[in-house]
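Asker: 3D model of this:
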Amino acid sequence: MLINERLHRLFPGVFLALAVTSASVAAGAVLHAMLPGTKNIISPTLLAIVFGCFLRSVFTIPSRFHPGITWGIKTVLRAGIVLMGIRLSIISIFKIGTFAIGLVTLCIIVAVAVAISIARWTGISNRLAVLIAAGTSICGVSAILSVAPAVEADEEEVSYAVAIITLVGLTATLVYPYLVEMVLGLGVIQAGYFIGTSVHDTSQVTATGLMYNQLWNHATEAGVTGLDIALTTKLVRNTFMIFVIPFMTVWFRLKTAKAAEKTKMNLLSVLPLFVAGYLGMGLIRTLGDLLFTQHPLWAEAQHLVTSVSSWLIMIAVASIGLSTDFGKLRLRGVRPLLTGIFTSMAIGMISFVFLRFWGS
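Answerer: As a prediction, this is how the structure comes out:
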């Protein structure tokens, strides 16, 4: 009975997101057939974001759709990420992740320093500065929601920080797949690391990497794509939550003369546990390559899992568009928004410079 009630509650929102995704895939196919030159201009993931945001902006989405849309952003996205792990062996994951650790550390240090400095210059509150720093440096909305209770942020500050990260991250999602190829001239490996370090939320990184794959269809000789590298880098970045969030919490309490208070934070609650699922799929890929490498069904199984993963990710992306409310940006004026924009630009610049000169 409880399962039926839950399905009944989730179905409208999930069905709407699936409808937006299906319309995006169909529209992309029609555009590519009618205008072949659009293949490297428009991807189904891009259309899913645009269609979702359009519906959210033009129409009032009834409350009965909200639970399913939220479920799509969280659960469906994580399921897609876990299944995407089938594309890489566990050895490849650790190779990519080992290089990512240094680059991620550098980007996080720059992001926190720049966010706090600009916040001081613009005069926004320490609480809002910490929320923006957490969102831009680690993993977007998840980091904001994790650090908010520790710095005693109110609902308006949290909503504003989430809106900033959503707007800046969605802008990066729409621009970076073209930027890395047409302007920055990054190879597939460098592009993956750039996307994984400079786009904020896990959902946004996943969407950006998938768009990059759909637009340019690049891969290394071993078959590793920009999405593979971007996603692995982002998951490495997510694990830094257990270090950066306590640091920013202590910084806030020192700035507000509350250093003596105990910080109530359950670190286990901020650990991205779906990372373990991603690694588990990499392990399955490794064992499968060892045991069934000559069996044609193994290749078909990998292709099936990857296809399902791509659809799940696009459904989650459509859910993000359907939930995006840009009206929240009017709450506190332009100064916090500028803090988020300049911090994001600083991360992108340091990532690009590092990859251009030392990333070969």
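
Asker: going forward, measure contacts between C-alpha atoms and count neighbours the same way
Answerer: OK.

Asker: now the stretch 1-150 of the chain, which segments are flagged as low pLDDT?
Answerer: Residues of the stretch 1-150 of the chain meeting the criterion pLDDT under 70: 1-2, 37-40.

Asker: Where does pLDDT dip in the stretch 201-350 of the chain?
Answerer: Ranges of the stretch 201-350 of the chain meeting pLDDT under 70: 256-272, 327-333.

Asker: and residue 227, how far is that from residue 9?
Answerer: Residue 227 sits 32 Å away from residue 9 when distances are taken as CA to CA, to the nearest Å.

Asker: More neighbours: the two, which one.
Answerer: residue 227 (29 against 16; other CA atoms under 10 Å).

Asker: In the stretch 251-360 of the chain, what residue spans correspond to strands?
Answerer: Ranges of strands in the stretch 251-360 of the chain, per DSSP state E, counting those that start in this stretch: none exist.

Asker: Tell me where it has helices.
Answerer: 267-270, 274-292, 296-323, 335-358 (DSSP state H, counting those that start in this stretch).

Asker: Just name the most buried of these.
Answerer: helix 296-323 (a mean of 21; mean count of other CA atoms under 10 Å).

Asker: name the helices or strands packed onto it?
Answerer: helix 2-34, helix 44-58, helix 66-71, helix 77-84, helix 202-216 (3 or more CA pairs under 8 Å, 6 or more residues apart in numbering; DSSP states H and E).

Asker: most tightly surrounded among these?
Answerer: helix 202-216 (a mean of 25).

Asker: Determine the angle, from 0 to 180 degrees, between that helix and helix 44-58.
Answerer: Helix 202-216 runs at 130 degrees relative to helix 44-58, counting by axes from the mean of the first three to the mean of the last three CA atoms, to 10 degrees.

Asker: and helix 202-216, what does it pack onto?
Answerer: helix 44-58, helix 155-178, helix 188-198, helix 226-239, helix 296-323.

Asker: any chance of those helices in CSV, with distance to residue 26 too?
Answerer: As requested, those are arranged in CSV below (distance: least, CA to CA, whole Å):
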stretch, distance to residue 26
helix 44-58, 8
helix 155-178, 19
helix 188-198, 27
helix 226-239, 22
helix 296-323, 13
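
Asker: So for residue 277, which of those helices sits nearest?
Answerer: helix 226-239 (11.2 Å; CA to CA).

Asker: Mind giving me the packing neighbours of the closest one?
Answerer: Packed next to helix 226-239, using 3+ CA pairs under 8 Å, 6+ apart, are helix 90-122, helix 188-198, helix 202-216.

Asker: now do 6 Å
Answerer: helix 188-198 (3 or more CA pairs under 6 Å, 6 or more residues apart in numbering; DSSP states H and E).

Asker: tell me the angle the helix it packs on makes with helix 90-122.
Answerer: 40 degrees.

Asker: Begin at 816 from now on, thanks
Answerer: With the count now opening at 816, the last piece we talked about shows up as helix 1003-1013.

Asker: mind exporting helix 1003-1013 as CSV, just the C-alpha atoms?
Answerer: Provided in CSV are the C-alpha atoms of helix 1003-1013 (Å, rounded to 0.1, in the frame of the first residue of the first chain):
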residue,chain,number,x,y,z
VAL,A,1003,39.0,15.4,-24.7
ILE,A,1004,41.0,14.7,-21.6
GLN,A,1005,41.6,18.4,-20.7
ALA,A,1006,38.0,19.2,-21.5
GLY,A,1007,36.8,16.5,-19.1
TYR,A,1008,39.0,17.8,-16.3
PHE,A,1009,37.9,21.4,-17.0
ILE,A,1010,34.2,20.6,-16.9
GLY,A,1011,34.7,18.5,-13.8
THR,A,1012,36.4,21.3,-11.9
SER,A,1013,34.7,24.4,-13.1
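
Asker: Give me the mean pLDDT for that helix.
Answerer: Regarding helix 1003-1013, the rounded mean pLDDT is 96.

Asker: Point out the other helices and strands that that helix packs with.
Answerer: Looks like helix 1003-1013 contacts helix 1041-1054, helix 1150-1173 (3+ CA pairs under 6 Å, 6+ apart).

Asker: Run through who's touching that helix.
Answerer: The contact list for helix 1003-1013, computed with CA atoms under 6 Å, 6 or more residues apart in numbering, reads 995, 1041, 1044-1045, 1048-1049, 1162-1163, 1166.

Asker: how about the helices and strands packed on helix 1111-1138 in a markdown table, adding distance to residue 1001?
Answerer: Shown next, in a markdown table, are these (distance: least, CA to CA, whole Å):
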| stretch | distance to residue 1001 |
| --- | --- |
| helix 817-849 | 25 |
| helix 859-873 | 21 |
| helix 881-886 | 34 |
| helix 892-899 | 23 |
| helix 1017-1031 | 12 |
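
Asker: which one of the helices and strands packed on helix 1003-1013 lies closest to residue 862?
Answerer: Of these, the one closest to residue 862 (CA to CA) turns out to be helix 1041-1054, at 17.9 Å.

Asker: Next, format the helices and strands packed on helix 1003-1013 as TSV and append distance to residue 940.
Answerer: Below are the helices and strands packed on helix 1003-1013 laid out as TSV (distance: least, CA to CA, whole Å):
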stretch	distance to residue 940
helix 1041-1054	25
helix 1150-1173	9
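
Asker: Looking at those helices, spot the one closest to residue 847.
Answerer: The nearest among these, by CA to CA, is helix 1041-1054 at 21.9 Å.

Asker: now the angle from that closest one to helix 905-937?
Answerer: 60 degrees.

Asker: could you dump helix 1041-1054 to PDB, C-alpha only?
Answerer: The C-alpha coordinates for helix 1041-1054 follow below in PDB (Å, rounded to 0.1, in the frame of the first residue of the first chain):
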ATOM      1  CA  GLY A1041      34.900  13.800 -21.800                       C
ATOM      2  CA  LEU A1042      31.900  12.800 -19.700                       C
ATOM      3  CA  ASP A1043      33.800   9.900 -18.100                       C
ATOM      4  CA  ILE A1044      36.700  12.200 -17.000                       C
ATOM      5  CA  ALA A1045      34.400  15.100 -15.900                       C
ATOM      6  CA  LEU A1046      32.200  12.800 -13.900                       C
ATOM      7  CA  THR A1047      35.100  11.100 -12.200                       C
ATOM      8  CA  THR A1048      36.700  14.400 -11.400                       C
ATOM      9  CA  LYS A1049      33.400  15.800 -10.000                       C
ATOM     10  CA  LEU A1050      33.000  12.800  -7.700                       C
ATOM     11  CA  VAL A1051      36.500  13.300  -6.400                       C
ATOM     12  CA  ARG A1052      35.600  16.900  -5.800                       C
ATOM     13  CA  ASN A1053      32.400  15.900  -3.900                       C
ATOM     14  CA  THR A1054      34.400  13.800  -1.400                       C
END
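
Asker: Nice, that's everything, thank you.
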